[in-house]
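A.B. asks: quick one, structure for this:
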Amino acid sequence: MKNPFKNAYKFLPLLWLGFGLLFLFVLYLQAPPRHIVIEAGSKGGSFDTTAHLLKNRLEEKGISVSIINRDETLGIIGNVNRANSNSDIGFIAHEVKSGQYPNVKSLGSINMEPLFIFASRGLNLQSPADFIDLTLGVGPKNTGARLLTDIVLDEYGITPESSTYVELSLRQMANALSNGEIDVGFFLQPTNNKIVAEIGTYGIAKLVPVNYAPAMVKKYGYLHHLVIERGSFSLLNDLPSSNINMVGIPATVIAKKNLHPAIAVLVSMELKDAYRAPTLVSNRASFPSMNYELDLDVDVDADQIYRHSPGYVPFLYRVFNFWIAGLLDKSALLLSFLLSAYFFLYYLGFPRAYDYWKLGVMARYTRRLESLLDIAGSRPLTAQEIQEFRKIERYLDSRTKATHRAASLLAEIRTFV
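C.D. replies: Numbers count the residues shown, from 1 in each chain. You can find the predicted model right below:
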């Protein structure tokens, strides 16, 4: 078959230079980003706490992080889903429909967040059905906490007409409950949240059970039946004084599907270190996990990290520097394609870089032989020049690489040596 690339040698330097520059540019685009944006909930909440945890870990690697705090947490996933938004990572603690957010993936659920219903200690409340005519502190609209609060109140027949709803942030609600400004407060937070722990441990307010929690879980498939065991907050003070049935929902870290794999790996390892411990409603090593949020695509690297034993680090990140590992991780598919393309072109006859290197060596040696021949015609060659000639002679003869011109030059110089 006729080689379609037989004349390519003359253009090969420019071709390889172009390929090299293009390859370097593409590699530059594959490097981990230097800045990411995390959307979190209100300050002091679990989303905000986790966001700052991730910020500290990422900034150790030279990646700057901006945290956007927003009270309306239901909108976080929509911002992460938008291709033109700057939000890279966010959080959810509410229902997500399958296929609703095609540009979002899960980095794992990190804990279970119960809906804590705290009531003033002077009130004898047995269930949410007793909240008629009371002042209720509820979260802002368009938040996971408010959504779950409304579900519970609606199931127990409580409405804004039967009771007074006061919208408060997390800190405002804790203060209002302590100061007696509200009768009941709703907190959708993990059990280790500082504000919730203080209320429960110091007996500032008492928990109201949701004894129909199992039935609600059957009705709302994304909810979970949780139990705060007697004495969980304080064994000494017997708080709570009985087992408390509750409903809750997993908190999940989400990200853009095109989030750089190096960032996903770093975030997942930090989450595993931070959330593997037991809580009042979960056993050790229950989290982080991909087993709770089932309607989002899963980040494969994060899933592998969570499945392995503590201390597991993916191979590339165990062997190489973070930035090099991230570059190779992101470029794996591209490098495979380029390698396949190279062998395909080589099969068709496209000259290899090694072939061009051999031609370059031949051209340099031929020019040097011409120079030595000119010198030999005017004076005897020095010992160093003879040694150089012998080196070129051995190279060309042993590999039978000499062109007709080089062979002729070798023969002429031998007459002077």
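
A.B. asks: going forward, measure contacts and count neighbours with C-alpha atoms only.
C.D. replies: Noted.

A.B. asks: show me what the helix or strand hosting Y395 is packed against.
C.D. replies: Assigned by DSSP states H and E, Y395 belongs to helix 383-398. Judged by 3 or more Cα pairs under 8 Å, 6 or more residues apart in numbering; DSSP states H and E, the packing partners of helix 383-398 are helix 353-378.

A.B. asks: shaky segments in the chain?
C.D. replies: 1-20, 22-29, 332-339, 341-356, 397-403 (pLDDT under 70).

A.B. asks: and the residue nearest the centre of it, what does it touch?
C.D. replies: The chain has A264 as the residue nearest its centroid, 1.7 Å off, counting by Cα atoms, centre = their mean. For A264, the contact set (Cα atoms under 8 Å, 6 or more residues apart in numbering) comprises L107, D299, D301, A302.

A.B. asks: for K105, see how far away it is.
C.D. replies: The spacing between A264 and K105, counted by Cα to Cα, to the nearest Å, is 11 Å.

A.B. asks: now G221
C.D. replies: 20 Å.

A.B. asks: repeat for N79
C.D. replies: Distance from N79 to K105, by Cα to Cα: 13 Å.

A.B. asks: among these two, which residue is more densely surrounded?
C.D. replies: Neighbour count, other Cα atoms under 10 Å: between N79 and K105, K105 has more, with 23 against 19.

A.B. asks: hang on, that one packs against D297?
C.D. replies: Yes - applying Cα atoms under 8 Å as the test, K105 and D297 come out as touching, 4.8 Å apart.

A.B. asks: mind checking the SS state of I249?
C.D. replies: Secondary structure, DSSP: H, G, I helix; E, B strand; the rest coil: I249 is strand.

A.B. asks: now do the same contact list for it.
C.D. replies: So I249 contacts A93, H94, M112, E113, P114, Y222, L223, H224 (Cα under 8 Å, 6+ apart).

A.B. asks: equivalent analysis for S242, please.
C.D. replies: Here S242 is in contact with E229, R230, G231 (Cα under 8 Å, 6+ apart).

A.B. asks: now those residues in JSON lines, with neighbour count and secondary structure?
C.D. replies: JSON lines is the format used below for these (neighbours: other Cα atoms under 10 Å; DSSP: H, G, I helix; E, B strand; the rest coil):
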{"residue": "E229", "neighbour count": "16", "secondary structure": "coil"}
{"residue": "R230", "neighbour count": "15", "secondary structure": "coil"}
{"residue": "G231", "neighbour count": "17", "secondary structure": "coil"}
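
A.B. asks: which of these sits closest to E393?
C.D. replies: E229 (88.8 Å; Cα to Cα).

A.B. asks: quick check: closest non-adjacent residue to the closest one.
C.D. replies: What sits nearest to E229 in space, not counting adjacent residues and going by Cα to Cα, 6 or more residues apart in numbering, is N243, at 4.6 Å.

A.B. asks: how much space between that neighbour and F233?
C.D. replies: N243 is 11 Å from F233, by Cα to Cα.

A.B. asks: just want to know which of those two has more residues nearby.
C.D. replies: Counted by other Cα under 10 Å, N243 and F233 do not tie: F233 has more neighbours, with 23 against 15.

A.B. asks: give the contact list for the closest residue to I263 other than its chain neighbours.
C.D. replies: Closest residue to I263 apart from its sequence neighbours, by Cα to Cα, 6+ apart: P32 at 7.1 Å. Applying Cα under 8 Å, 6+ apart, we find P32 in contact with H260, A262, I263, W323, G326, L327.
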